[in-house]
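In: Pasting the sequence and the predicted coordinates here, then a few questions.
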Amino acid sequence: MKSTLDYRDGHLCVLNESEPAANNSHGPLGTLREWYSVREATEGEVAMLVGRPVNGIERDEGLYADEEGNPYQLSEQGRTQPPAVEMTPAANDPERAENKGESGTDGQALAEKMAYGRSEHSGQMR
């Protein structure tokens with residue numbers, strides 16, 4: 001899983017990106033992207049932070065740190081649910097790639113299916 005700082009919908013967020021294991025013979029489903037809110041912020045306020053890699057220090061407490069050791073705690077600690085989830089289709093899957101730009105279709109349904117197996121507290125796969 002790759003975690004970075006990002007800006008979305010007026011919030012500084014931790015963006016977790018993962019490639020779920022394929023559950024069929026068609027290979028990987030794509031990339032699951034989940035945004036977890038840290039705090040409200042303006043885009044200008046966090047522009048220098050966006051894209052910075054972060055590591056989960058205490059994921060049960062929702063605590064992350066960047067490469068410089070600056071801490072970032074999710075708004076509701078370990079109980080924070082992602083307000084935004086996207087599934088980016090695998091590049092080698094033309095059928096799913098056709099639906100990539102369609103809001104609320106294949107990508108969102110796949111993201112919901114993948115999120116189903118996640119623990120409510122840690123955001124980790126069960």
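Out: Happy to help now that I have it.

In: name the helices or strands packed onto the top strand by length along the chain?
Out: When the chain is parsed with DSSP state E, its longest strand is strand 30-40. When contacts are defined as 3 or more CB pairs under 8 Å, 6 or more residues apart in numbering; DSSP states H and E, strand 30-40 packs onto strand 2-8, strand 11-18, strand 84-89, helix 106-116. Quick note: C-beta positions are derived from backbone N, CA and C, even for glycine.

In: Gly44 falls within a strand, correct?
Out: No - counting by DSSP: H, G, I helix; E, B strand; the rest coil, Gly44 falls outside a strand, being helix.

In: What distance do you get for it to Lys2?
Out: 25 Å (CB to CB, to the nearest Å).

In: pLDDT below threshold where in this protein?
Out: Residue ranges of the chain with pLDDT under 70: 21-28, 91-126.

In: can we see that at 90?
Out: 1, 18-31, 59-60, 77-84, 87-126 (pLDDT under 90).

In: ok, back up a step: please spell out which residues along the longest strand of the chain are buried.
Out: If you call a residue buried by 16 or more other CB atoms under 10 Å, then strand 30-40 has these buried ones: 30-38.

In: CA atoms only for it, dumped as PDB, please.
Out: What follows is strand 30-40 as a C-alpha-only set of coordinates in PDB (Å, rounded to 0.1, in the frame of the first residue of the first chain):
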ATOM      1  CA  GLY A  30      -7.000  -2.000 -10.700                       C
ATOM      2  CA  THR A  31      -6.000   0.400  -8.000                       C
ATOM      3  CA  LEU A  32      -8.200   1.100  -4.900                       C
ATOM      4  CA  ARG A  33      -7.800   4.800  -3.800                       C
ATOM      5  CA  GLU A  34      -9.200   5.900  -0.300                       C
ATOM      6  CA  TRP A  35      -9.000   9.400   1.100                       C
ATOM      7  CA  TYR A  36      -9.000   9.700   4.900                       C
ATOM      8  CA  SER A  37      -9.500  13.200   6.300                       C
ATOM      9  CA  VAL A  38      -6.900  14.800   8.600                       C
ATOM     10  CA  ARG A  39      -8.400  18.300   8.900                       C
ATOM     11  CA  GLU A  40     -10.100  21.000   7.100                       C
END
